[in-house]
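Predicted model and sequence below, questions to follow.
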Amino acid sequence: MKIAVFGGAGLAGSAFVEHALRQGHGVRALVRESTSVPPGLATAEVVRGDALDASAVAETISGCDVVVSSLGGFRGPESLDAGTANIIDAMRRQGLRRLVVLQGFHVSFEGDPENFAKRIVKLYLRLRCRPLLPHSAALGRLLRETDDIEWTLVRVPPIVDAPFTGRAELGRFALGPLSKVTVGDTAATLLDFATSTASVHDAPMLVTGRR
């Protein structure tokens, strides 16, 4: 399988690329010109550019079978919705169907438990990067309004740089700032979704359990 990856230079994205390559998949990753290519991407195809550039996005997904995105964050919140919109448009033009998106659990969906700890997280994000929450909300709306792409949104608490544990749990949880998921569990789960049609048009949360 050939996988197009956006956000592959970040902690979760680079771990996913390494895991996918070890499992025998091909990877093409879009990396900004100003960003160093992580060692884990050494054997992947790298396209230099930005997800806000529709032509760079189209080049990245050309000839691929599935798209995985971990765009966004404090340094580029606008890529959450605008970058994802470019990805979806390019997928439609090229006939790709499967999209797996990684984002924080602060992106709200119907049926989520509301708890005080989640409100604390949202307050922190608002203070740390004011544009992040509105762009995150726009991403959620964009996906909910997209019914011709088989998307899955994997929502996570803070990711810690630790290996696969086998204790990953998927569902709807009352998460907070003390909740964690390892980067190894995240990478493995993203690949599981990328190579299947599980949880299409759904937004499960992922957390590393304590058991």
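Cool, the structure landed. Since this is a predicted model, take the numbers as computed values, not measurements.

any idea of the mean pLDDT in the one helix or strand Leu206 maps to?
Assigned by DSSP states H and E, Leu206 belongs to strand 205-208. Across strand 205-208, the average pLDDT comes to 98.

now swap in stretch 157-165 and tell me
For stretch 157-165, the mean per-residue pLDDT is 97.

what about it, start to end distance?
Length of stretch 157-165, first residue to last, CA to CA, to the nearest Å: 16 Å.

Could you tell me how far it lies from the centre of the chain?
Computed by CA atoms, centre = their mean, to the nearest Å, the chain-centroid distance of stretch 157-165 equals 15 Å.

next one: stretch 35-45
Mean C-alpha position of stretch 35-45 versus that of the full chain (CA atoms, centre = their mean) differs by 18 Å.

Okay, now it: how far is its last residue from its first?
Start-to-end, stretch 35-45 (CA to CA) is 15 Å.

contact partners of that stretch?
Contact with stretch 35-45 is made by 5, 8-9, 14-15, 17-18, 21, 26-29, 31, 46, as judged by CB atoms under 8 Å, 6 or more residues apart in numbering. Glycine gets a C-beta too; all of them are placed from N, C-alpha and C.

swap in stretch 86-100?
Counting by CB under 8 Å, 6+ apart, 6, 51-54, 57-58, 61-62, 64-69, 142, 146, 148-152, 154, 190, 193-194, 197 sit against stretch 86-100.

how much space between the residue nearest to Asp161 when sequence neighbours are not counted and Gly24?
Nearest non-adjacent residue to Asp161, counting by CB to CB, 6 or more residues apart in numbering: Val183, 5.5 Å away. Using CB to CB, to the nearest Å, Val183 is found at 20 Å from Gly24.

Please apply the same query to Gly72.
Distance from Gly72 to Gly24, by CB to CB: 28 Å.

Who has more neighbours out of those two?
Here Gly72 and Gly24 are compared on neighbour count by other CB atoms under 10 Å; more neighbours surround Gly72, at 27 against 7.

Now do the strands for this structure: every range, in order, please.
Using DSSP state E, the strands of the chain run over 2-6, 26-31, 45-48, 66-69, 98-104, 150-156, 159-160, 168-171, 181-182, 205-208.

Contacts for the least confident helix or strand in the chain by mean pLDDT next, please.
Lowest mean confidence among the helices and strands of the chain (mean pLDDT, DSSP states H and E): helix 116-128, at a mean of 92. Residues from elsewhere that reach helix 116-128, judged by CB under 8 Å, 6+ apart: 74, 104-106, 132-133, 174-178.
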